[in-house]
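>>> Below are the sequence and a predicted model; questions follow.
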2 protein chains.
Amino acid sequence: MELRIPLSERTSGGSARERVYAMLREAIVSAELEPGRRLSENELGERLGVSRTPIREALVRLRDERLVAIAPQLGTFVTLISTQAVGDAHFVREALECSAIRLAATRARDGDLAALQANLAAQSHAEADRDATAFDGLDDALHKTLCGLSGHAIAWDLSRRANGHLDRVRRLSLPEPGYLGEMVAEHRSVVAAVAQGDPDAAEAALRHHLRMVLSSLPAIQAAHPHYFEES
Amino acid sequence: MELRIPLSERTSGGSARERVYAMLREAIVSAELEPGRRLSENELGERLGVSRTPIREALVRLRDERLVAIAPQLGTFVTLISTQAVGDAHFVREALECSAIRLAATRARDGDLAALQANLAAQSHAEADRDATAFDGLDDALHKTLCGLSGHAIAWDLSRRANGHLDRVRRLSLPEPGYLGEMVAEHRSVVAAVAQGDPDAAEAALRHHLRMVLSSLPAIQAAHPHYFEES
DNA sequence: GTCCGCGTACTAGGATACAAGTGCGGCACA
DNA sequence: TGTGCCGCACTTGTATCCTAGTACGCGGAC
């Protein structure tokens, strides 16, 4: 009989292929590979110590995320940041996360709420320490957890994957004084609404929170005009 | 000076790579490659007349859509349909399209509405002809147009890409009498709400419409139990 | 001096060759 | 006859080779 189901589920997330993709994405999102830059599969391959095959695989995935554009026989380029793409990314994130949090507000259990509170406490510490890197990690973890509570963890995966352009903007934004504190406060009101089981309030708080990121876009664009498409 | 922008935009959507992906996806969604089936890169390659390279590229994309599962050194398998995955797909589609149509209701112009009406008329013809294939095409076109009117065409792209599991269910559903007519009627009320510029009504109508597809899930599962994961 | 045209060096796309690892069947043995 | 082990055939992962096609620069003609 033909084998129909893989017997051992490969949970090895740390494969070489995945690592190459993660490194490339991080390099692009962090603007280490700046928008508009030309990439060479050969160059990337020798820099990461692998051949073109895994590089190409990663580039295909990044193209699906609109982080690179592949021009046959020409080259591969880090896409310029476009206000349209940023708007699209924000739209997707808002749609998915706001829908998710409505469900989360009706499904969260005490244990879930405890985990959220623990995250918020850690965020306060990161804020006190001015540790933006740690804060970013906690921020993502909080949103991921909230999506997971909806029963549709895929919402976070898709949001993450569609948000390359938005992430680049976020990374470019300079830390303004009081910014972290504001973020923590918004997170607190979102969690509070979830704790009270109020979907409308949770959605409103989250929507407001997500739109904060967009507010810094004009400043970023002014500071790095060559990273953006002329529109 | 370094070349920074590809001068000639490749609009050739009909590349070999894209074709392989489209054919494979269609074969899976239509259940010609039934859920659970083991795939071989070599076999697929010779059947489609290409080497493993483009096949692998397509499989990676299909894995991102959860239509196949790749087990290293073991094989590649068409994923079984799971109620969780179908629910996820529906959740994503509802979140994206309902958010999009709210914007569409406030942005649609007369020309846009005329196009929507033309589509509805064509749907009526397809219904009269009992032409399910033509209807499916018009159905997709209508939803795509509505998403496009929101200004975020990406909503449709993502919805489409996340909806592999849902599409498989849709294709498996047997044509029930009156089903097409019901669909057309729902489409009409959605378009009517958009025409009136009423976001709330449009969202409600679309949400109701999208949930109709899910209602056939239990019957499908009963008819094809071996296509589904045991849950 | 300016402009046109060809050659070179690069690109990605694809095909092939090699490596590492798995499942299954057949064979030896109790 | 039942059972355990070993080897083969197959899988995907990776590396390398070849091909078609593009941009750019140099050289010659005007």
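Cool, got the structure.
>>> Centre-most residue in chain A?
What sits nearest the mean C-alpha location of chain A, by Cα atoms, centre = their mean, is residue A:160, with 3.9 Å.
>>> That one sits in which helix or strand?
helix A:154-162 (DSSP states H and E).
>>> what's that helix in contact with?
Residues external to helix A:154-162 that are found in contact with it (Cβ atoms under 8 Å, 6 or more residues apart in numbering or on different chains): A:64-65, A:88-89, A:92-93, A:96-97, A:99-100, A:140, A:143-144, A:147-148, B:88, B:91-92, B:95, B:154, B:158, B:162. Where you see a C-beta, it was placed from the backbone N, CA and C, and this is true even at glycine.
>>> buried sites along the longest helix belonging to chain A?
Counting by DSSP state H, the longest helix found in chain A is helix A:83-107. If you call a residue buried by 16 or more other Cβ atoms under 10 Å in any protein chain shown, then helix A:83-107 has these buried ones: A:83, A:85-105.
>>> Look up the closest residue to residue A:62, ignoring the ones flanking it.
The shortest distance from residue A:62 to any non-neighbouring residue, by Cβ to Cβ, 6 or more residues apart in numbering or on different chains, is to residue A:68 (4.6 Å).
>>> Now do the contacts for that neighbour.
Per Cβ under 8 Å, 6+ apart, neighbours of residue A:68: A:28, A:39, A:59, A:62, A:76, A:77, A:78, A:79.
>>> from the residues you listed, which are also near DNA strand C?
A:39, A:76 (Cβ under 7 Å from any atom of the strand).
>>> Now, the contacts of residue A:68 that are in strands?
A:39, A:76, A:77, A:78 (DSSP state E).
>>> contacting residues for the residue nearest to the second one when sequence neighbours are not counted?
I take that to be residue A:76. Among residues not flanking residue A:76 along the chain, residue A:39 sits closest, at 4.5 Å (Cβ to Cβ, 6+ apart). Contacts here follow Cβ under 8 Å, 6+ apart; on that basis residue A:39 touches A:33, A:59, A:68, A:75, A:76, A:77, A:78.
>>> do the same with residue A:225
So residue A:225 contacts nothing (Cβ under 8 Å, 6+ apart).
>>> how does chain A divide up, domain by domain?
A:16-78, A:83-223 (automatic domain parsing).
>>> Tabulate the ones you listed (a markdown table), appending distance to DNA strand D and mean pLDDT.
Formatted as a markdown table, the domains of chain A follow (distance: least, Cβ to the nearest atom of the strand, whole Å; pLDDT from 0 to 100):
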| stretch | distance to DNA strand D | mean pLDDT |
| --- | --- | --- |
| domain A:16-78 | 3 | 94 |
| domain A:83-223 | 19 | 94 |
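>>> Please identify which of those is closest to residue B:48.
Closest approach to residue B:48 among the domains of chain A is made by domain A:16-78 (17.7 Å; Cβ to Cβ).
>>> sorry, back to before: quick check, nearest of the contacts of residue A:68 to chain B?
Of all the contacts of residue A:68, the one with the least separation from chain B (Cβ to the nearest Cβ) is residue A:77, at 6.3 Å.
>>> Can you name the residue of chain A that approaches DNA strand C most closely?
For chain A and DNA strand C, the shortest gap (Cβ to the nearest atom of the strand) falls at residue A:40, measuring 3.2 Å.
>>> okay, the helix holding residue A:160 in CSV with CA atoms only?
Extracted in CSV, the C-alpha atoms of helix A:154-162 (Å, rounded to 0.1, in the frame of the first residue of the first chain):
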residue,chain,number,x,y,z
ILE,A,154,-2.7,31.7,11.5
ALA,A,155,-3.9,35.3,11.8
TRP,A,156,-0.6,36.2,13.4
ASP,A,157,1.5,34.3,10.8
LEU,A,158,-0.3,36.0,7.9
SER,A,159,-0.1,39.4,9.6
ARG,A,160,3.6,38.9,10.2
ARG,A,161,4.2,37.7,6.6
ALA,A,162,2.3,40.6,5.1
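>>> ok now it, how far from the chain's centre?
On the basis of Cα atoms, centre = their mean, to the nearest Å, helix A:154-162 is displaced by 8 Å from the centre of the chain it belongs to.
>>> Kindly calculate the angle that that helix makes with helix B:154-162.
If you take axes from the mean of the first three to the mean of the last three Cα atoms, to 10 degrees, helix A:154-162 sits at 120 degrees to helix B:154-162.
>>> next one: phi and psi at the residue nearest to residue A:62?
Reported as degrees, to the nearest 10, the phi and psi values for residue A:68 are phi -130, psi 160.
>>> same question, the one 3 residues further on
As for residue A:71, its main-chain torsions (degrees, to the nearest 10) stand at phi -110, psi 110.
>>> Would you mind listing what in chain A touches DNA strand C?
So chain A meets DNA strand C at A:3, A:7-8, A:39-43, A:52-53, A:56, A:70-76 (Cβ under 7 Å from any atom of the strand).
>>> how about residue A:151, what does it touch?
Shown in contact with residue A:151 (Cβ under 8 Å, 6+ apart): A:103, A:107, B:87.
>>> Kindly confirm my reading that it is in a strand.
No: read with DSSP: H, G, I helix; E, B strand; the rest coil, residue A:151 is coil and lies in no strand.
>>> ok, it to residue A:110 distance?
Relative to residue A:110, residue A:151 is positioned 17 Å away (Cβ to Cβ, to the nearest Å).
>>> My read is that residue A:97 contacts residue A:210, right?
Yes: assessed by Cβ atoms under 8 Å, residue A:97 is found in contact with residue A:210 at 6.8 Å.
>>> any idea which element residue A:139 lies in?
helix A:132-149.
>>> Would you mind getting the angle between that helix and helix A:154-162?
Orientation of helix A:132-149 against helix A:154-162 (the same axes, to 10 degrees) gives an angle of 140 degrees.
>>> Convert the C-alpha atoms of helix A:132-149 to PDB, please.
Extracted as PDB, the C-alpha positions of helix A:132-149 are listed here (Å, rounded to 0.1, in the frame of the first residue of the first chain):
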ATOM      1  CA  ALA A 132      13.900  48.700  22.800                       C
ATOM      2  CA  THR A 133      15.000  45.300  21.500                       C
ATOM      3  CA  ALA A 134      13.500  43.400  24.400                       C
ATOM      4  CA  PHE A 135      10.400  45.600  24.100                       C
ATOM      5  CA  ASP A 136      10.000  44.700  20.400                       C
ATOM      6  CA  GLY A 137      10.200  41.000  21.300                       C
ATOM      7  CA  LEU A 138       7.500  41.400  24.000                       C
ATOM      8  CA  ASP A 139       5.400  43.500  21.700                       C
ATOM      9  CA  ASP A 140       5.300  40.700  19.000                       C
ATOM     10  CA  ALA A 141       4.800  38.100  21.700                       C
ATOM     11  CA  LEU A 142       1.800  39.900  23.000                       C
ATOM     12  CA  HIS A 143       0.100  40.300  19.700                       C
ATOM     13  CA  LYS A 144       0.900  36.700  18.800                       C
ATOM     14  CA  THR A 145      -0.600  35.500  22.000                       C
ATOM     15  CA  LEU A 146      -3.700  37.600  21.500                       C
ATOM     16  CA  CYS A 147      -4.100  36.100  18.000                       C
ATOM     17  CA  GLY A 148      -3.600  32.700  19.400                       C
ATOM     18  CA  LEU A 149      -6.400  33.200  21.900                       C
END
